[in-house]
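In: got a predicted model here, sequence first, then my questions.
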Amino acid sequence: MRLCGIASLGATKKDDLASTIARHLFNAANSKHPSHVLAIDIGFVNLGHARISRTNLAKGKGKGKGSALCLDSWAVSQVDSLDVPYWPPRLAANLDAFLGGVVGVAGERGLSMKETACVIERQHWKPTTCTSQSVVRCAGLEAMLFGIMSSRSMNVCSVAAAKVAEWHSLESGKKKKQSAVDRVHEIIGKGTVIEVPKHLADKFKSEKKKDDMADALLIGLTYCEWLENTNAELQKHSDTLKLK
């Protein structure tokens, strides 16, 4: 289940777990595989995003040297300010503009957002590390993103930050942010996990909020790897699922 990013949702019995896995594979078999993944990391006032192209997978590339994944957009955007009162209408307008920019660039390149899987960092209560105001802002951002994306018929889901951290073996606590940044530097240096254009690699090196960019990329990569593992399981169990 972990290899495919399947949530157990409290299922503990063997039959329940088997049903959860079968349902995940069945849904995947009957869904169009995304050609792109847009991952969004949510901060108090900033959004980190990474858009990953999976088109080379369909062309059979990436099986030898190099990577089948390519990063085509990566940045941190400020969508709110802690210096002003929390006001949902302003925030919603800022988020709409943010998504318009990301989607607009995609549209110019001939990318259909219906072929893009949007993955948002799932928010949770952080009583020891964040103020209540910050938690409310982040939860509001998440809800608004879901609403705006759903209204645009985008394929959107959320993923827990803890699952991403576990997948990449990141350190916990205060060391997590730097651990994520170090992991991304390692990924860029190797060049085999994902192809990162030089201008985006340079942007990451010069960015002050490296952790937001790092988290967004790791969310996207984790989701891509879960997709590939799910595809492998589909092929393995194609007869059982009666796939054509």
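Out: Arrived safely. In this text the structure is predicted, and so the values were computed from the model without any measurement.
In: please count neighbours and contacts with C-alpha atoms only from this point.
Out: Fine.
In: now the helices for this protein?
Out: Ranges of helices in the chain, per DSSP state H, are 14-29, 55-58, 88-108, 132-151, 161-167, 176-190, 198-206, 210-236, 238-241.
In: tabulate those (TSV), appending mean pLDDT and mean neighbour count.
Out: What follows is those, written out as TSV (pLDDT from 0 to 100; neighbours: other CA atoms under 10 Å):
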stretch	mean pLDDT	mean neighbour count
helix 14-29	53	15
helix 55-58	63	14
helix 88-108	78	15
helix 132-151	84	17
helix 161-167	95	16
helix 176-190	97	17
helix 198-206	97	13
helix 210-236	91	21
helix 238-241	62	12
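In: nearest to residue 124, of the ones you listed?
Out: Closest approach to residue 124 among these is made by helix 132-151 (7.8 Å; CA to CA).
In: by contact count, what packs against the closest one?
Out: Helix 132-151 makes packing contacts with strand 36-42, helix 88-108, strand 116-122, strand 155-160 when contacts are defined by 3 or more CA pairs under 8 Å, 6 or more residues apart in numbering; DSSP states H and E.
In: among the ones you listed, which is nearest residue 68?
Out: Among the helices and strands packed on helix 132-151, strand 36-42 sits nearest to residue 68 (CA to CA), with 11.9 Å.
In: helices or strands up against that closest one?
Out: Right, strand 36-42 is packed against strand 46-53, strand 116-122, helix 132-151, helix 210-236 by 3+ CA pairs under 8 Å, 6+ apart.
In: who does it pair with, and is each partner parallel or antiparallel?
Out: strand 46-53 (antiparallel), strand 116-122 (parallel) (DSSP bridges).
In: redo the ones you listed as JSON lines? Include mean neighbour count, mean pLDDT and distance to residue 201.
Out: Formatted as JSON lines, these follow (neighbours: other CA atoms under 10 Å; pLDDT from 0 to 100; distance: least, CA to CA, whole Å):
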{"stretch": "strand 46-53", "mean neighbour count": "24", "mean pLDDT": "95", "distance to residue 201": "12"}
{"stretch": "strand 116-122", "mean neighbour count": "22", "mean pLDDT": "92", "distance to residue 201": "22"}
